[in-house]
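K.L.:
Here's my sequence, what's the structure:
(chains A, B and C)
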Amino acid sequence: MKYTPKHFEENVNVEKTSPLREFFLLLFGVIGALVVLYMALGMAAGFVAARLPVSTEERLFGFFDEKFLISEKKPNASQIELQKLLDRLTSLIPQKRYEEYNAILICGDEVNAAALPGGNIIVYEGLLKQAESENEIALVLAHELGHFSNRDHLRGLGRILALFALSAIVTGSSSSVTEYLGSMTAGAEMRFSQKQEYAADDYGFELVSKLYGGSAGTSDFFERASSKDSKNPLVLFFRTHPASKKRADRIKKRITDEKTPQIEKTPAPAALKNPDCK
Amino acid sequence: MILTNLENVPGKKTVEHFGLVSGSTVRAKHIGKDIAAGLKNIVGGELRGYTELLQEARHESVGRMMKEAERMGANAVVNIRFATSSVTQGASELFIYGTAVRVE
Amino acid sequence: MESLINLGVFVFLLALGYLAGHAAEKKHYASIIAREKETLNLPAVTIRHVEDEEMVESAWLVSGSVCVGLDYFKMVLANLRKIFGGRVGAYETLVDRARREATLRMKKQAAGADIVLNTRYETSSIGQNAGGKNAVGAVEVLAYGTAVIYKK
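P.N.:
Predicted coordinates for the structure are as follows:
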């Protein structure tokens, strides 16, 4: 038996693809698949959220009340004044979704407020300090009530839960990726869409106009916010309430168009003007 | 191309050999099949996803070995051996090797 | 901030793994091809059959083994590939290099022989749950056979 030596430079056992190209293709594939899955989950969460009965919502998110919010609620003058203002607003709502609405004052210089499940509205100390009139604070509260009315708060939370579930499945629950995603997106996710914000603005505008018999002070908050956030686009992106300038203009347009009665702004009570956060 | 795992091709005379030829591949199934196999593992039985994976891998590595033998000018591969190994979880490595020969 | 550092470390390891791993692989392949050409006249075959028993002068067992590790980039690449399924190219070069290197080391032991008969390969992955999260991604190949010198 004769032996004929043969040697080939080309290797049949190795695929001739660039590993870098494969890496980026796969990476984009994964990201794309995650985005699609996330959007689908988000849409499903939104669908469920909009139809979730209040009793189920309270059972699901009861921990917000018990663990997180009640401990923050301090029986001081500022807290009581804030709750009083909210009660005045909620008494005007024709169809109440929740039996009681809670306003909770949170310490911190952030100028922000948010609607949480179970009829809870958190307002940051910084927002009250900035406010010049009671009308302005009332608009912020009424705006958040608008989110409740449209159930926006549950859609946002649904997406966050979906994201966490997804990240936990793919990378493991305690991984740094999950943490990273959580810290990056929780803020962005609490942000509602422009459409949702406009709807809540309209709701707030109507409710406050009804309370005071006029629309004075309703655009103040956004005007002040727009002079601050217009500089840095990143800040704008991660703010929970975006594009204040546009929103201020929208409300101002409504004020002029609808010719609501001219009224004096109600000065904010001292307890709200100088919030006591202890 | 004649493939056997005997010393020779029965009924034919081996006239020339070209040394070792081999074909190998590493393949994986997508994550859905992995999850399905994990679930199936609770009750036992054939894990179809992984059976399929092995078949694909075998098919491909045999093909590669034949390609190698062909370009050497061989018309048969004798004394073929299969070897499988799990280089990593969820991926299957299939290695096949034999001696490329020319028979008459 | 901590998560950003983690991300930075990850990207750094990825880049380091790619550059170093790519260079090492290129060098290894060049060396493999050069040595394969040198040992081309010593065939290794899977046949056991010796044409004529009388012709054999001496025979001895030869073996060669090698353990080749994976770089970080390829490990990530393989893990990504496992999500979609298909050919895991990152591991293919790994096992190919390991096999050829083991064969060459076996042939080195068989220096002076005319042929290596009945060549066999054994592959194993080193380390508990190899390829798993905290394991060393490596493949070990053992090649063995019988070296034979024919009477001249």
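K.L.:
contacts and neighbour counts: CA atoms only from here.
P.N.:
Fine.
K.L.:
What ranges does the chain have for its helices?
P.N.:
Looking at chain A here, since you left the chain open. Ranges of helices in chain A, per DSSP state H, are A:19-51, A:54-60, A:62-63, A:70-72, A:77-90, A:125-130, A:134-150, A:152-171, A:176-190, A:194-212, A:220-229, A:233-238, A:244-258, A:270-273.
K.L.:
Chain C, not that one
P.N.:
C:2-38, C:72-84, C:89-109.
K.L.:
Pull the contacting residues for C:Glu122.
P.N.:
B:Ala83, C:Val141, C:Leu142, C:Ala143 (Cα atoms under 8 Å, 6 or more residues apart in numbering or on different chains).
K.L.:
I'd like to know the beta-bridge partner residues of the residue of chain A found nearest chain B.
P.N.:
Using Cα to the nearest Cα, A:Lys2 is the residue of chain A that sits closest to chain B, at 4.6 Å. For A:Lys2, the beta-bridge partners under DSSP bridges are B:Glu16.
K.L.:
neighbours around the closest residue to chain A within chain B, how many?
P.N.:
Ranked by Cα to the nearest Cα, the top residue of chain B for proximity to chain A is B:Glu16, at 4.6 Å. For B:Glu16, the neighbour count with other Cα atoms under 10 Å in any protein chain shown is 17.
K.L.:
Flag every residue of chain B that's near chain A.
P.N.:
Counting by Cα under 8 Å from any Cα of the partner chain, chain B comes close to chain A at B:14-19, B:23-25, B:61, B:64-65, B:67-68, B:72.
K.L.:
Next, work out how far apart the residue of chain A closest to chain B and B:Phe82 are.
P.N.:
Distance, A:Lys2 to B:Phe82, by Cα to Cα, to the nearest Å: 26 Å.
K.L.:
which residues of the chain score low on pLDDT?
P.N.:
You didn't say which chain, so I picked chain A. A:61-74, A:156-159, A:163, A:166-191, A:226-243, A:277-278 (pLDDT under 70).
K.L.:
Switch to chain C, please.
P.N.:
Residues of chain C meeting the criterion pLDDT under 70: C:1-3, C:50-51, C:126-137.
K.L.:
quick one, the lowest-mean-pLDDT helix or strand in chain B and helix C:72-84 angle?
P.N.:
Using mean pLDDT, DSSP states H and E, helix B:31-43 stands out as the lowest-scoring helix or strand of chain B, at a mean of 84. Direction vectors for helix B:31-43 and helix C:72-84, defined by axes from the mean of the first three to the mean of the last three Cα atoms, to 10 degrees, enclose an angle of 70 degrees.
K.L.:
Name the residues that touch helix B:31-43?
P.N.:
Under the contact criterion Cα under 8 Å, 6+ apart, helix B:31-43 has outside partners B:Leu47, B:Arg48, B:Gly49, B:Tyr50, B:Gly90, C:Lys82, C:Ile83, C:Phe84, C:Gly85.
K.L.:
Buried residues of that helix, list them for me.
P.N.:
Across helix B:31-43, burial judged by 16 or more other Cα atoms under 10 Å in any protein chain shown covers B:Ile31, B:Lys33, B:Asp34, B:Ala37.
K.L.:
just those now: which is nearest chain C?
P.N.:
Nearest to chain C, judged by Cα to the nearest Cα, of the buried residues of helix B:31-43 is B:Ile31 at 4.7 Å.
K.L.:
And the helices in chain B?
P.N.:
In chain B, the segments counted as helices under DSSP H are B:31-43, B:48-72.
K.L.:
State the pair within the buried residues of helix B:31-43 that is farthest apart.
P.N.:
Largest separation among the buried residues of helix B:31-43 by Cα to Cα: B:Ile31 and B:Ala37, giving 9.8 Å.
K.L.:
So between A:Lys2 and B:Phe82, which is more surrounded?
P.N.:
A direct count of neighbours by other Cα under 10 Å for A:Lys2 and B:Phe82 places B:Phe82 higher, at 18 against 11.
K.L.:
Touching, the more buried one and B:Val62? I think so.
P.N.:
No: if you go by Cα atoms under 8 Å, B:Phe82 and B:Val62 don't touch, sitting 9.5 Å apart.
K.L.:
Return every residue with contacts to both of the two.
P.N.:
Common neighbours of B:Phe82 and B:Val62 are listed as B:Ile96 (criterion: Cα under 8 Å, 6+ apart).
K.L.:
Could you double-check that A:Asp152 lies in contact with A:Glu197?
P.N.:
No: checked against Cα under 8 Å, the pair A:Asp152 and A:Glu197 is beyond contact range at 9.1 Å.
K.L.:
Between those two, which has more neighbouring residues?
P.N.:
Ranked by neighbour count (other Cα under 10 Å), A:Asp152 and A:Glu197 place A:Asp152 first, with 26 against 21.
K.L.:
what about A:Val48, distance to chain C?
P.N.:
Separation of A:Val48 from chain C (Cα to the nearest Cα, to the nearest Å): 29 Å.
K.L.:
So the residue in chain C that chain B sits nearest to versus B:Asp34, what's the distance?
P.N.:
Nearest residue of chain C to chain B: C:Gly85, at 3.9 Å (Cα to the nearest Cα). Counting by Cα to Cα, the gap from C:Gly85 to B:Asp34 is 10 Å.
K.L.:
Enumerate the residues of the stretch 1-150 of chain A near chain C.
P.N.:
Checking the stretch 1-150 of chain A against chain C by Cα under 8 Å from any Cα, the hits are A:1, A:3, A:5-7, A:9, A:13-15, A:17, A:19, A:22-23, A:26-27, A:30.
K.L.:
quick revisit: of all the helices of chain A, which lies closest to B:Leu3?
P.N.:
Nearest to B:Leu3, of those and by Cα to Cα, is helix A:19-51 at 33.1 Å.
K.L.:
now the angle from that closest one to helix C:89-109?
P.N.:
Going by the same axes, to 10 degrees, helix A:19-51 makes 150 degrees with helix C:89-109.
K.L.:
Give me the buried positions along helix A:19-51.
P.N.:
Using 16+ other Cα under 10 Å as the test for burial, helix A:19-51 gives A:19, A:22-23, A:26, A:30, A:34, A:38, A:41-43, A:45-46, A:49.
K.L.:
Now look at that helix and say if it contacts chain B.
P.N.:
No: Helix A:19-51 does not reach chain B (Cα under 8 Å from any Cα); its nearest approach is 11.6 Å.
K.L.:
Next up, the contacts around A:Pro269.
P.N.:
A:Glu81, A:Glu134.
K.L.:
just B:Glu104 next, same as before
P.N.:
B:Glu104 touches B:Lys12, B:Lys13, B:Thr14, B:Val15, counting by Cα under 8 Å, 6+ apart.
K.L.:
Could you give the number of residues near the first one?
P.N.:
Neighbours of B:Lys12 under the rule other Cα under 10 Å: 10.
K.L.:
Might you report the residue contacts of it?
P.N.:
B:Lys12 neighbours (Cα under 8 Å, 6+ apart): B:Val103, B:Glu104.
K.L.:
what about it, distance to B:Lys67?
P.N.:
Counting by Cα to Cα, the gap from B:Lys12 to B:Lys67 is 22 Å.
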